[in-house]
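Visitor: Model the structure of this input:
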Amino acid sequence: MRFLPVNLTTLLVELDDLDQTLALFASLETDPVEGIEDIVPAARTLMIGFRAERLTAERLAGEIATRDLSARIAPSDQLVEIPVHYDGEDLADVAQLTGLSVEEVIRRHTESTFTVAFCGFAPGFGYLVGGDPALQVPRRKSPRTRIPAGSVALAGAFSGVYPQASPGGWQIIGTTLEKMWDLSRDPPALFQPGYRVRFFDLEKRAVAISTPATKVVDPGPAEFTGEAVTLKVLAAPMPALFQDLGRFGKTGQGVSSSGALDRGALKAANRVVGNAAGTPCLEIILGGFSFEASGRAVMALTGAPCPISIRDASGRTIAAETYQPISLEPGDVVTLGHAPRGMRSYLSIRGGLTVEPVLGSASTDTLAFIGPDPVTAGTILTLQTATQFLGSVSLSEAPAFAFPASGEIVTLDVIMGPRSDWFTEAGITSFSGQLWQVTPQSNRVGIRLSGDIALERKDKTELPSEGTATGAIQVPHSGQPVLFLADHPLTGGYPVIGTVAEYHLDLAGQIPVNAQIRFRPVTRFADVRPHVRDTKARPPRNK
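Guide: Got it, this is the predicted structure:
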């Protein structure tokens, strides 16, 4: 068992195999350690987030080191059957890699009973184990940029079904029309950890699909009290997104937290208008956004400093300031200019905007396609009319840091690990010793970087998928890093050389295209040494 640092509040526990991983996961679920916030199981690892004020990494490692890893999880009585057209692009390649005929590959796949080991990568993506060992094949050397939803695929010891179109490197052997992820179900993911799964060939039989009982979620009628004030969106060069502080506790279904990329700016926007800190705001990229208010309201804009102009019903135009409460009257048209620095601004309205939460959050996850629809020109937004507590407005808010501009250099502190030891000395040196250009391919999923010297790996083997944290700097085969932001996949299959310190994540979310990043390691890579207490003096655990 190894304990590898991810960031200041996250550890990666590396184990010998999947059985040990699932045994430790079950142990921590049954008998939790106080202070653990989240656990992401993967093929040979558990990524564990914890509260630093209640638990240290050393004490957490000590607690885990005493756990029994010999237990095995009892299989679930839930069986899901998946109809498949075995027409995958890689079916012939899989046959060649395994030395089997295409017919034999199909037979062995349909005669296997799989178990959902864990979920990750994307919402509803279940990693299935227990298939015929003869079907174990490596990922494709060159991952596809787009794999269609419903693709049935193999990689290593796993089988799986892609819930939505996404990039991927698994070997596609067939397709299914079954929906792996459906928000009208409760739970939305068809595959849940522990469920048994069988595939059948549609060409040979057609039967009803045995799926777990589901419950349709009915949000009920929307409440309405009084006359609603609306905002009519007149211009949105880039769609604005509803964001709050994130969607937590859903990792078991492969759902990451998402949320505002500059959480400090979102909280400040809400304090300026007297809202609760986590009230949903609009995240606006690079300005250009415009709307007309139908009634009286109070707004604020924080984050990237867009110039604000307000034209009233008489045609008079005035300027307003960011980080200050701004009163609006009926007919006022608010227009945001281009932000000269930073990337994202946050628009709050006193009382909040009416938005339907999805899985407990109003955040829009652009990778998983979860959350409210993007806000575009013509959208009508309604202010909350229900009575709720509102605080006093704040007049003393200010940016937490200087927003970077295109062409400037931004320094980000990095916690080295968990896979720094996969890189050569030259790779580690070039990671922190050169500047990395932010490319136009960057988005809420991650910042794609380009450097003069590609990062050199010394370990060329394939990394089993493992959990990734926001701020993780993943290095694909190209040697050009990707800095994961809030909408990143929950698990990844490339080594993470380091992770941006949590206190610099807001800054990372404001770095514009063509800025440059310098990574400054604030720790050296080393395994976390567990602090094991005297187990003889330790009271027995409650069962």
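Visitor: Got phi/psi on the residue lying farthest from the centre of the chain?
Guide: With distances taken as C-alpha atoms, centre = their mean, the residue sitting farthest from the centre of the chain turns out to be residue 314, at 45.9 Å. Note on residue 314: backbone dihedrals following degrees, to the nearest 10 are phi -90, psi -10.
Visitor: Surely residue 92 is within a helix?
Guide: Yes - per DSSP: H, G, I helix; E, B strand; the rest coil, residue 92 lies within a helix segment.
Visitor: pLDDT below threshold where in the chain?
Guide: Within the chain, the set of residues satisfying pLDDT under 70 comprises 73-74, 206-226, 386-388, 532-543.
Visitor: how about the helices in it?
Guide: For the chain, the helices defined by DSSP state H cover 18-30, 57-65, 91-98, 102-110, 263-273, 425-433, 505-508.
Visitor: Would you mind getting the angle between the fourth one and helix 91-98?
Guide: The directions of helix 102-110 and helix 91-98 differ by 90 degrees, with axes from the mean of the first three to the mean of the last three C-alpha atoms, to 10 degrees as the criterion.
Visitor: residues in contact with helix 102-110?
Guide: With C-beta atoms under 8 Å, 6 or more residues apart in numbering as the test, helix 102-110 has contacts from 84, 86, 91-92, 94-95, 98, 100, 131-132, 134-135, 159, 173, 198-201. C-betas here are computed from N, CA, C, even on glycine.
Visitor: And those, which of them are buried?
Guide: Buried by 16 or more other C-beta atoms under 10 Å: 84, 86, 91, 94-95, 98, 100, 131-132, 135, 159, 173, 199-200, out of those.
Visitor: mind giving me JSON lines with these and columns for distance to residue 30?
Guide: What follows is the buried ones among the contacts of helix 102-110, written out as JSON lines (distance: C-beta to C-beta, whole Å):
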{"residue": "84", "distance to residue 30": "35"}
{"residue": "86", "distance to residue 30": "39"}
{"residue": "91", "distance to residue 30": "41"}
{"residue": "94", "distance to residue 30": "38"}
{"residue": "95", "distance to residue 30": "42"}
{"residue": "98", "distance to residue 30": "38"}
{"residue": "100", "distance to residue 30": "40"}
{"residue": "131", "distance to residue 30": "27"}
{"residue": "132", "distance to residue 30": "31"}
{"residue": "135", "distance to residue 30": "32"}
{"residue": "159", "distance to residue 30": "27"}
{"residue": "173", "distance to residue 30": "36"}
{"residue": "199", "distance to residue 30": "31"}
{"residue": "200", "distance to residue 30": "34"}
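Visitor: Filter these down to the ones in strands?
Guide: Of the buried ones among the contacts of helix 102-110, the ones assigned to strands by DSSP state E are 84, 159, 173, 199-200.
Visitor: Closest one to residue 17 out of the residues you listed, please.
Guide: For these, the minimum distance to residue 17 (C-beta to C-beta) is 17.4 Å, reached by residue 159.
Visitor: how near is the closest residue to the closest one other than its chain neighbours to residue 101?
Guide: Nearest non-adjacent residue to residue 159, counting by C-beta to C-beta, 6 or more residues apart in numbering: residue 128, 4.4 Å away. From residue 128 across to residue 101, the span is 23 Å (C-beta to C-beta, to the nearest Å).
Visitor: Who has more neighbours out of these two?
Guide: Comparing residue 128 with residue 101 by other C-beta atoms under 10 Å, the one with more neighbours is residue 128, at 25 against 10.
Visitor: which residues does that one contact?
Guide: By C-beta under 8 Å, 6+ apart, the contact set of residue 128 is 114-117, 158-160, 191, 197.
Visitor: And for residue 392?
Guide: Counted by C-beta under 8 Å, 6+ apart, residue 392 has contacts residue 274.
Visitor: Could you do residue 197 as well?
Guide: Contact partners of residue 197, counting by C-beta under 8 Å, 6+ apart, are 79-82, 113-116, 126, 128, 191.
Visitor: at 7 Å what do you get?
Guide: 80, 82, 114, 116, 128, 191 (C-beta atoms under 7 Å, 6 or more residues apart in numbering).
Visitor: Which residue, neighbours along the chain excluded, lies closest to it?
Guide: Spatially, and ignoring its direct neighbours in sequence, residue 197 is nearest to residue 114 (4.3 Å; C-beta to C-beta, 6+ apart).
Visitor: quick one: the one you found and residue 369, what's the gap?
Guide: In terms of C-beta to C-beta, residue 114 sits 26 Å off from residue 369.
Visitor: Just give the number of residues close to residue 525.
Guide: For residue 525, the count of nearby residues is 18 (other C-beta under 10 Å).
Visitor: I'd say it and residue 416 touch.
Guide: Yes - the pair residue 525 and residue 416 qualifies as a contact (C-beta atoms under 7 Å) at a distance of 4.2 Å.
Visitor: which of the buried ones among the contacts of helix 102-110 sit farthest apart?
Guide: Spanning the widest gap among those are 98 and 200, at 20.3 Å by C-beta to C-beta.
Visitor: Might you report the residue contacts of residue 330?
Guide: Listed by C-beta under 7 Å, 6+ apart, the contact set of residue 330 reads 293-296, 313.
Visitor: picking that back up, any idea how far residue 18 is from the residue nearest to residue 159?
Guide: Distance, residue 128 to residue 18, by C-beta to C-beta: 11 Å.
Visitor: before we move on, what about residue 486?
Guide: Counting by C-beta to C-beta, the gap from residue 486 to residue 18 is 28 Å.
Visitor: which of the two has more neighbours?
Guide: More neighbours surround residue 486 than the other of residue 486 and residue 18, with 26 against 20 (other C-beta under 10 Å).
Visitor: you'd agree the more buried one is up against residue 259?
Guide: Yes - with contacts counted by C-beta under 7 Å, residue 486 reaches residue 259, the gap being 5.3 Å.
Visitor: Skip the chain neighbours and tell me the closest residue to residue 233.
Guide: residue 379 (4.4 Å).
Visitor: Touching, residue 493 and residue 467? I think so.
Guide: No - if you go by C-beta under 7 Å, residue 493 and residue 467 don't touch, sitting 11.4 Å apart.
Visitor: So for the two, which sits in the more crowded spot?
Guide: With neighbours defined as other C-beta under 10 Å, residue 493 and residue 467 compare such that residue 467 has more, 28 against 23.
Visitor: For the nearest residue to residue 271 once chain neighbours are set aside, grab the count of nearby residues.
Guide: Residue nearest to residue 271 in three dimensions, not counting chain neighbours: residue 394, with 4.2 Å by C-beta to C-beta, 6+ apart. Residue 394 has 16 neighbours, counted by other C-beta under 10 Å.
Visitor: Also the one 10 residues further on?
Guide: The local packing count at residue 404 equals 23, with neighbours defined by other C-beta under 10 Å.
Visitor: list the contacts for it?
Guide: Counting by C-beta under 7 Å, 6+ apart, residue 404 touches 341-342, 410, 510-512, 515.
Visitor: Which of those residues are buried, as a ChimeraX select command?
Guide: Selection of the buried residues among those in ChimeraX, burial being defined by 16+ other C-beta under 10 Å:
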select :341,342,410,510,511,512,515
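Visitor: to the chain's geometric centre, what's the distance from stretch 311-326?
Guide: Computed by C-alpha atoms, centre = their mean, to the nearest Å, the chain-centroid distance of stretch 311-326 equals 37 Å.
Visitor: contacts for it?
Guide: Stretch 311-326 is contacted from outside by 268, 272-273, 298-302, 305, 308-310, 329-333, 393, 397-398, using C-beta under 7 Å, 6+ apart.
Visitor: Pull that stretch out as CSV, backbone CA atoms only.
Guide: Extracted in CSV, the C-alpha atoms of stretch 311-326 (Å, rounded to 0.1, in the frame of the first residue of the first chain):
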residue,chain,number,x,y,z
ARG,A,311,-29.1,52.7,-20.6
ASP,A,312,-32.4,53.7,-18.9
ALA,A,313,-35.8,54.0,-20.4
SER,A,314,-35.2,57.6,-21.4
GLY,A,315,-32.1,56.8,-23.4
ARG,A,316,-29.6,58.1,-20.9
THR,A,317,-26.5,55.9,-20.4
ILE,A,318,-24.4,55.8,-17.2
ALA,A,319,-21.4,53.7,-16.2
ALA,A,320,-21.3,51.4,-13.2
GLU,A,321,-18.5,49.7,-11.2
THR,A,322,-17.7,46.0,-10.6
TYR,A,323,-17.8,44.7,-7.0
GLN,A,324,-20.5,47.3,-6.1
PRO,A,325,-24.4,46.9,-5.8
ILE,A,326,-26.1,48.4,-8.8
